[in-house]
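> return atomic coordinates for the entry below.
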Amino acid sequence: MKVRWIISSLMSGAVALSIVSGSAKQQKAEAVNLNAGPVGSEWTKAVTAQEERQTYQLAAGAHIDVSEISGPVSVEATDGTSAEVSIYRTAKNSDDLAWRKVSVVQTSTGRTIRQKRQSGEPDKVDLLNRVVLKVPRQVSVTGKNISGDFNISGVAGAVDLNGISGSVDAKQLNGALTVSGASGNVRLAVARITDAGLRVTNVSGSTYLRLASDLNAEISISNTTGAISNKIEGLAIDKLGQNFTARMGTGGPRIVVSNITGGVVLQGI
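Alright, predicted model coming up:
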């Protein structure tokens, strides 16, 4: 009877988690697949979770600043002026949820989303924060010191990512893009490029550039440990020492890729 009572209690706890977090089992799987926190059998034993969601209005040209998050960040642009921030928090010990909370603060230019270390926080806190943003297209985004993957799509303003302890996946962007410091692979899909260009530096992985066939740009690649793979038909790459250059279409804005530990792959969209 005692065994049956324990099993029943565990099942009831699982149901409660499903109600709070949307699906505890699905959230745990996402945490592992995103490689954005403690992984392996220990982390999949997470026993508690929280979800917070906020909706607000953002004017065109607003700026979103996301920083110091101990987990993955996802930014998706949508039509309209409404923005939504969802924060998913998972821990093996419910007491850890009292720490490293993520705040959303209004600024003169938009919103700041930041995780802060609190006074009295224990030395070891085993907690995963995952931030999911849905924002208007006409915004700019800064991501700094993110302990997980950073995925972003559809944003028309400038995007500046610095200190990403994971992979970066960016697509359907229409503004300037800078990726400076990523511990995983960087995957970029570039259909349009502004005069400000695109820059990827200090990547401890490989960089994959998917470029539209009608793109006009100057490409510069330097200081790479791995090979340069060109899969774009008709694109000629010139080599001078350890530097590689190429011109797409009539040239124009610069695409700069440097200090890459892995290889660089150029391919079409």
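
> element containing Arg130?
Taking DSSP states H and E as the criterion, Arg130 maps to strand 127-136.

> for that strand, what does the pLDDT average out to?
Averaging pLDDT along strand 127-136 yields 93.

> and that strand, how far out from the chain's middle?
Distance of strand 127-136 from the chain centroid (CA atoms, centre = their mean, to the nearest Å) equals 9 Å.

> so what are the sheet partners of it and their directions?
Here strand 127-136 is paired, per DSSP bridges, with strand 73-78 (parallel), strand 82-91 (antiparallel).

> which one of those strands lies closest to Val203?
Relative to Val203, the nearest member of these by CB to CB is strand 73-78, separated by 17.4 Å. Quick note: C-beta positions are derived from backbone N, CA and C, even for glycine.

> need the contact partners of that closest one.
For strand 73-78, contacts defined as CB atoms under 8 Å, 6 or more residues apart in numbering pick out 64, 66, 130-137, 139, 141, 143, 146, 148-156, 172.

> give me every residue that touches Val155.
Going by CB under 8 Å, 6+ apart, Val155 touches 75, 77, 135, 137, 139-141, 173-175.

> try 10 Å
By CB atoms under 10 Å, 6 or more residues apart in numbering, the contact set of Val155 is 64, 75-77, 133, 135-141, 170-175, 177.

> number of residues surrounding the residue nearest to it when sequence neighbours are not counted?
Distance criterion CB to CB, 6 or more residues apart in numbering; nearest residue to Val155, sequence neighbours excluded, is Ala77 at 4.8 Å. Residues lying near Ala77 (other CB atoms under 10 Å) number 22.

> how close does Ala77 sit to Gly71?
For Ala77, the distance to Gly71 equals 21 Å [CB to CB, to the nearest Å].

> ditto for Thr207
From Thr207 to Gly71 the distance is 23 Å (CB to CB).

> picking that back up, just the pLDDT for the residue nearest to Val155.
pLDDT for Ala77: 94.

> could you give the bridge partners of Val168?
Taking DSSP bridges as the rule, Val168 bridges to Phe150, Val186.

> got the contact list for it?
By CB under 10 Å, 6+ apart, the neighbours of Val168 are 143, 146, 149-152, 159, 161, 177, 179, 181-188, 200, 203, 205, 207.

> what about 7 Å?
Val168 makes contact with 150, 161, 179, 182, 186, according to CB atoms under 7 Å, 6 or more residues apart in numbering.

> burial count for the last one?
If I follow you right, that is Val186. Val186 has 26 nearby residues by other CB under 10 Å.

> cool, the second one as well?
Taking other CB under 10 Å as the neighbour definition, Leu161 ends up with a count of 24.

> just the strands in the stretch 151-269 of the chain please.
Ranges of strands within the stretch 151-269 of the chain are 159-164, 168-171, 177-182, 186-190, 198-203, 207-211, 217-224, 228-230, 237-240, 243-248, 254-260, 264-268, based on DSSP state E, counting those that start in this stretch.

> redo those as a markdown table? Include distance to Arg53.
A markdown table is the format used below for these (distance: least, CB to CB, whole Å):
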| stretch | distance to Arg53 |
| --- | --- |
| strand 159-164 | 23 |
| strand 168-171 | 23 |
| strand 177-182 | 28 |
| strand 186-190 | 28 |
| strand 198-203 | 32 |
| strand 207-211 | 32 |
| strand 217-224 | 39 |
| strand 228-230 | 42 |
| strand 237-240 | 47 |
| strand 243-248 | 42 |
| strand 254-260 | 37 |
| strand 264-268 | 37 |
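
> Throw these into JSON lines and include distance to Thr107 and mean pLDDT, thanks.
Formatted as JSON lines, the strands of the stretch 151-269 of the chain follow (distance: least, CB to CB, whole Å; pLDDT from 0 to 100):
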{"stretch": "strand 159-164", "distance to Thr107": "16", "mean pLDDT": "97"}
{"stretch": "strand 168-171", "distance to Thr107": "24", "mean pLDDT": "96"}
{"stretch": "strand 177-182", "distance to Thr107": "21", "mean pLDDT": "96"}
{"stretch": "strand 186-190", "distance to Thr107": "28", "mean pLDDT": "95"}
{"stretch": "strand 198-203", "distance to Thr107": "25", "mean pLDDT": "96"}
{"stretch": "strand 207-211", "distance to Thr107": "32", "mean pLDDT": "95"}
{"stretch": "strand 217-224", "distance to Thr107": "33", "mean pLDDT": "95"}
{"stretch": "strand 228-230", "distance to Thr107": "41", "mean pLDDT": "92"}
{"stretch": "strand 237-240", "distance to Thr107": "43", "mean pLDDT": "90"}
{"stretch": "strand 243-248", "distance to Thr107": "37", "mean pLDDT": "93"}
{"stretch": "strand 254-260", "distance to Thr107": "30", "mean pLDDT": "96"}
{"stretch": "strand 264-268", "distance to Thr107": "36", "mean pLDDT": "93"}
